[in-house]
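J.: heads up, no residue letters with this:
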């Protein structure tokens, strides 16, 4: 089955690129191609101007592409530090964990992202609020010298105050020079933090809109009734 | 409920305005409210049980009976340590009872003096443990690679290994163990001075570990536990070691089985808490999908955990066989399976996966053995024993479920 065709997508350093579209428009499929979970049949991926091939999640991670999934993929029973280093624990030759080093870097990363609401990084994430959990998941994606961070519906399950925390965090990521891709259904959020908006419909590009020069109404129309843009260029990230 | 109780005592700089004893006590009660009760319920239960049986029969609280309980609990403690790992994954291993029987039978067969394949006691034990690991790898592969629920795989194991035990013993019905090395596992007591030496070694070793940890945390500029709390911990461990040795020495010395339990407790706690393998076990138990996405080999972890479970079951079986200095057709049967799983759960390891400690196995086994011993001493029937153990198990699981809900509710 063809999920995506003629899709052109790019994100630059230091910007928040929103990716919107109705259910089934192909947002998740596109992201999973970039992350190496699905392989692309046709098309190219460019990273820093160079063509690259991504055949698996590890290839994506090596390039510095990190995804924060909607379900966050956190272990509730582990504390913040343990989740930040999940699968990438710092250890010596005897596989002994180097806890102090991991704690120190976790604290530094959270501080650099101005995540101050988490009382103790030694508490299990089960005890954290939804916004705090999202912050942990984002911080984990950022800690590994990542260049591109893809956030899948980061505010979907959050209340007003927590949504604010996460949106502030998204803005800070872009300010620190990262390329941020934000998938969301919430146009208010998108208009607040993104600089450009890519609209997908039925697996095709409808267009890329500059936030400054568009309106919510135009985006809604593009999502629901937009005609595919006449682009046949390479699919790039 | 006991997850990382000592480790979570650190207070982050932002939230550490309180000082001294007040901060320690305050932080402790905060964790209690959050559902991290640690081994507190079990200790409470032990005190109650001790008082009750002492009131019925003063012989319950004697040095001789203390050593009895230590030897009685050793086998179950060792098997339950393996169970803790399986439960941490959110799995179950119902084969441990008869796998322990296979362990006992294996050493018994290998030590028979009249046989051409006779080997020394230590080699027999090592071979049996290796066989246990192989059994675990076999059963674990069905769970990890094919995806059959562990309940079913190990239920099949329960039946099959029972058959293997009976076939291996055969017509004779019983094999006597004459090898001293094997029998000493459960029947040897250390000379008094050795006991004191061990107590001193344990105290110094623990103090050094704590000191090294403080230094490495200082180096990384992360907060260490409050110095007062650390000193209290070292003093408590040292005091416990000396009191235990003092009591045991009044009744013939520290049983080797007890030393074996403590050594295994330290080893497995280290593996669970301080190595990447242990961390991955907790991660898989907490959220297997998240662990997989993080690049952890979930299948490998599952297989190795079942290997640990079966290997420890075999070692526990060796202790049981050594205590009786023989194995019979019932080896690995009786209440071994249920006692071992109950011990881990009563000690505080969650049946839902991801939460628990190796020490839960030992404190749970201590509680169960203390009850069994007391009931025998007072002269109640084993019916009473089953009822009491059942009620305590139900109470432990109820407590776990309630605390789990409570922990999830805190901070939301």
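T.: Okay, I see it. These numbers come from a predicted model, not from an experiment. Numbers count the residues shown, from 1 in each chain, chains lettered A, B, ... in the order given.

J.: show me the contacts for residue B:124.
T.: B:106, B:107, B:110, B:111, B:179, B:182 (Cβ atoms under 8 Å, 6 or more residues apart in numbering or on different chains). For the C-beta atoms, the positions are set from N, CA and C on the backbone; glycine is no exception.

J.: end to end, how far does stretch A:58-74 reach?
T.: 19 Å (Cα to Cα, to the nearest Å).

J.: surely residue A:204 touches residue A:21?
T.: No - Residue A:204 sits out of contact with residue A:21 when judged by Cβ atoms under 8 Å, with a separation of 9.7 Å.

J.: comparing those two, which shows the higher neighbour count?
T.: residue A:21 (25 against 20; other Cβ atoms under 10 Å in any protein chain shown).

J.: how about the secondary structure of the closest residue to that one other than its chain neighbours?
T.: In space, residue A:21 comes closest to residue A:200 once its chain neighbours are excluded; the distance is 3.7 Å by Cβ to Cβ, 6 or more residues apart in numbering or on different chains. Three-state call for residue A:200 (DSSP: H, G, I helix; E, B strand; the rest coil): strand.

J.: OK, contacts around residue A:200?
T.: Contacts of residue A:200 by Cβ under 8 Å, 6+ apart are A:7, A:19, A:20, A:21, A:25, A:26, A:27, A:30, A:206.

J.: is it correct that residue B:144 is in contact with residue B:305?
T.: No - if you go by Cβ under 8 Å, residue B:144 and residue B:305 don't touch, sitting 9.1 Å apart.

J.: residues near the residue of the stretch 51-200 of chain B found nearest chain A, how many?
T.: Closest residue of the stretch 51-200 of chain B to chain A, Cβ to the nearest Cβ: residue B:88 (9.2 Å). A count of neighbours around residue B:88, defined by other Cβ under 10 Å, yields 28.

J.: then the one 5 residues further on?
T.: Using other Cβ under 10 Å, residue B:93 has 33 other residues around it.

J.: which secondary element of chain A has the worst mean pLDDT?
T.: Counting by mean pLDDT, DSSP states H and E, chain A has its least confident helix or strand at helix A:57-63, which shows a mean of 81.

J.: now do that one: everything it contacts.
T.: So helix A:57-63 is contacted by A:34-37, A:47, A:52-54, A:66-67, A:144, A:147-148, B:293, B:295 (Cβ under 8 Å, 6+ apart).

J.: for it, buried residues please.
T.: Neighbour-count burial for helix A:57-63 flags A:57, A:60, A:61, A:63 (criterion: 16 or more other Cβ atoms under 10 Å in any protein chain shown).

J.: likewise stretch B:120-130?
T.: Under the neighbour-count criterion of 16+ other Cβ under 10 Å, stretch B:120-130 has B:121, B:124, B:125, B:128, B:129 buried.

J.: who are the neighbours in contact with the fourth one?
T.: When contacts are counted by Cβ under 8 Å, 6+ apart, residue B:128 touches B:102, B:103, B:106, B:107, B:110, B:314, B:317, B:318.

J.: now the element after the top helix by length along chain A, going C-ward?
T.: Looking across chain A with DSSP state H, the single longest helix is helix A:160-175. Moving toward the C-terminus from helix A:160-175, the next helix or strand (DSSP states H and E) is strand A:179-183.

J.: ok, and the most crowded of the contacts of residue B:124?
T.: residue B:107 (29 neighbours).

J.: do I have it right that residue B:221 meets residue A:103?
T.: No - if you go by Cβ under 8 Å, residue B:221 and residue A:103 don't touch, sitting 9.6 Å apart.

J.: so where's chain A uncertain?
T.: A:1-3, A:227-237 (pLDDT under 70).

J.: what does it have sitting close to chain B?
T.: Contacts of chain A with chain B, taken as Cβ under 8 Å from any Cβ of the partner chain, map to A:57-58, A:69, A:72-79, A:82, A:86-89, A:91, A:94-97, A:99-101, A:103-104, A:107, A:116, A:119-124, A:126-129.

J.: at 6 Å instead, please
T.: Counting by Cβ under 6 Å from any Cβ of the partner chain, the residues of chain A lying close to chain B are A:73, A:75-78, A:86-87, A:89, A:91, A:95-97, A:100-101, A:103-104, A:119-120, A:122, A:126-127, A:129.

J.: and stretch A:107-123, what's buried?
T.: Buried residues in stretch A:107-123, counting neighbours by 16+ other Cβ under 10 Å, are found at A:107, A:109, A:110, A:113, A:115, A:118, A:119, A:120, A:121, A:122, A:123.

J.: quick check: closest non-adjacent residue to the third one.
T.: Taking Cβ to Cβ, 6+ apart as the measure, residue A:110 lies nearest to residue A:139, with 5.6 Å between them; neighbours along the chain are not counted.

J.: and the one you found, how many neighbours?
T.: By the measure other Cβ under 10 Å, the count of residues near residue A:139 is 23.
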